[in-house]
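>>> Next one to model:
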Amino acid sequence: MSILVNGQTRVIIQGITGREGVARAQLMKDYGTNLVAGVTPGRGGQEVYGVPVYDSVEEAWEKQGALDASVIFVPAALVKNAALEAIAAGIKLLVIVPDRVPIYDVLEIARAAKDAGAHFVGPNTLGLLSPGKAVLGMIGGRALRAREWFLEGPVGVTSRSGGMTSAISYYLSKAGIGLSTIVHVGGDPIVGLAHPEIVERFENDPQTRLVAMFGEIGTTQEERVADLIEAGKFTKPLVAYIGGKAAKSGTRFSHAGAIVEGTRGSYETKVARLRQVGVHIVDAIADIPQKAKELLG
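Alright, predicted model coming up:
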């Protein structure tokens with residue numbers, strides 16, 4: 001199994017005729033993702049790598065049948081309208097790739113998603129990938145590389161960094177430890193499905209036996225994962241690396257969401273809280289595969 005996406009998930013790309021949309025349509029289709037349609041207003045009737053393009057999500061739904069997920073590749077200023085259109089049409093999972101989406105727009109998307117029983121990953125995300133099944137977004141860059149780099153297996157990966165999402169997954173696969181699903185939750189201060197929501201899904205996934213997490217300073221995502229463990233809502237082994245050890249208060253580290261304010265969201269508080277509930281903290285990304293091997297037996 002996998003979380004969020006599988007080989008049967010019916011996917012569209014909003015903004016499929018743009019530069020990024022075209023490139024990622026090729027990746028997704030070549031990998032085997034069930035990409036059934038694309039949407040770009042005013043470009044209806046075209047095709048991208050054999051994928052039909054429609055003027056609206058509603059039209060795509062009418063012509064192609066029920067749709068499960070949308071990957072959004074539009075300019076940041078247009079993300080809110082695209083996301084709200086997809087949610088209104090009935091799509092339950094959005095992957096919002098662009099960065100610099102205004103926070104108030106994200107809050108509106110979050111409210112609409114909650115009201116509709118929908119969910120979103122991102123903004124500012126590379127997306128997610130379930131090895132051998134589907135990729136939503138841009139993880140791997142090319143289908144051949146994604147198949148070679150990311151093997152199927154028992155480890156779930158959740159990360160706040162796009163680069164570390166790929167690196168952790170690659171190192172695990174090279175060590176002979178496959179992956180169930182890889183998720184880049186996004187690098188912004190406010191995201192849809194954050195670490196706690198992702199690890200809860202891994203808890204309920206029979207394929208996933210262990211989770212590897214890349215955390216970093218800023219926000220309370222990692223502390224909330226610790227709260228889940230303490231409450232008995234996540235019981236599987238968790239290996240974590242926390243970035244930003246040397247960052248000082250008020251300094252942004254790598255991502256918009258990685259900033260320490262006073263003691264809140266600091267490296268020390270995150271590591272202490274995670275260790276308190278039994279999370280296995282490693283000092284280097286390269287240490288994750290060895291620790292995973294030990295825990296998997």
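>>> which residues sit in contact with Glu85?
By C-beta atoms under 8 Å, 6 or more residues apart in numbering, Glu85 lies in contact with Gln14, Ser56, Val57, Glu58. C-beta: built from backbone N, CA, C; applies to glycine.
>>> Can you add secondary structure, distance to Gly163 and neighbour count and give those back as JSON lines?
As requested, the contacts of Glu85 are arranged in JSON lines below (DSSP: H, G, I helix; E, B strand; the rest coil; distance: C-beta to C-beta, whole Å; neighbours: other C-beta atoms under 10 Å):
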{"residue": "Gln14", "secondary structure": "strand", "distance to Gly163": "25", "neighbour count": "30"}
{"residue": "Ser56", "secondary structure": "coil", "distance to Gly163": "35", "neighbour count": "15"}
{"residue": "Val57", "secondary structure": "helix", "distance to Gly163": "31", "neighbour count": "22"}
{"residue": "Glu58", "secondary structure": "helix", "distance to Gly163": "36", "neighbour count": "15"}
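>>> Closest one to Leu151 out of the residues you listed, please.
Comparing those against Leu151 with C-beta to C-beta places Gln14 closest, at 30.3 Å.
>>> isn't that closest one right up against Val39?
Yes: taking C-beta atoms under 8 Å as the definition, Gln14 is a contact partner of Val39 at 4.8 Å.
>>> thinking Ala167 is in contact with Ile285, fair?
Yes: in this structure, Ala167 is within contact of Ile285 by C-beta under 8 Å, at 6.0 Å.
>>> one step back: list the residues that contact both of Gln14 and Val39?
Val57, Ser70.
>>> Where do the helices of this protein begin and end?
Secondary structure of the chain (DSSP state H): helices located at 19-31, 57-64, 79-89, 103-116, 143-149, 162-174, 195-203, 221-230, 267-276, 288-296.
>>> Format the CA atom coordinates belonging to stretch 85-98 as PDB.
Taking C-alpha atoms only, stretch 85-98 is exported to PDB below (Å, rounded to 0.1, in the frame of the first residue of the first chain):
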ATOM      1  CA  GLU A  85     -11.700  25.800  -8.400                       C
ATOM      2  CA  ALA A  86     -10.400  22.200  -7.800                       C
ATOM      3  CA  ILE A  87     -12.000  21.900  -4.400                       C
ATOM      4  CA  ALA A  88     -15.400  23.200  -5.600                       C
ATOM      5  CA  ALA A  89     -15.300  20.600  -8.400                       C
ATOM      6  CA  GLY A  90     -14.900  17.800  -5.900                       C
ATOM      7  CA  ILE A  91     -11.200  17.000  -5.900                       C
ATOM      8  CA  LYS A  92     -10.100  15.800  -2.500                       C
ATOM      9  CA  LEU A  93      -6.300  16.100  -2.800                       C
ATOM     10  CA  LEU A  94      -4.200  19.000  -4.100                       C
ATOM     11  CA  VAL A  95      -0.500  19.300  -4.500                       C
ATOM     12  CA  ILE A  96       0.400  23.000  -4.500                       C
ATOM     13  CA  VAL A  97       3.900  23.200  -6.000                       C
ATOM     14  CA  PRO A  98       4.600  27.000  -6.300                       C
END
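>>> Check which residues of that stretch are buried.
Neighbour counts over stretch 85-98 (16 or more other C-beta atoms under 10 Å) mark Glu85, Ala86, Ile87, Ala89, Ile91, Lys92, Leu93, Leu94, Val95, Ile96, Val97, Pro98 as buried.
>>> which sections of the stretch 151-297 of the chain are below the confidence cut-off?
Scanning the stretch 151-297 of the chain for pLDDT under 70 picks out 246-264.
>>> if you set the cut-off to 90 instead, what comes out?
The stretch 151-297 of the chain contains residues with pLDDT under 90 at 189, 218-219, 244-266, 297.
>>> what's the most distant pair in the contacts of Glu85?
For these, with distances taken as C-beta to C-beta, the pair at the greatest spread is Gln14 and Glu58 (12.1 Å).
>>> before we move on, back to that, quick one, which of the helices of the chain is nearest to Met1?
helix 195-203 (10.5 Å).
>>> Outside of the closest one itself, list whatever touches it.
Outside helix 195-203, the residues that touch it by C-beta under 8 Å, 6+ apart are 3-4, 119, 156, 158, 160, 180-181, 183, 185, 208, 211, 213, 215, 221-222, 224-225, 227-228, 233-236, 238.
>>> got a list of what the closest residue to Asp99 other than its chain neighbours touches?
Among residues not flanking Asp99 along the chain, Asn124 sits closest, at 3.9 Å (C-beta to C-beta, 6 or more residues apart in numbering). Shown in contact with Asn124 (C-beta under 8 Å, 6+ apart): Ile96, Val97, Pro98, Asp99, Arg100, Val101, Gly186, Gly187, Asp188, Val191, His255, Ala256.
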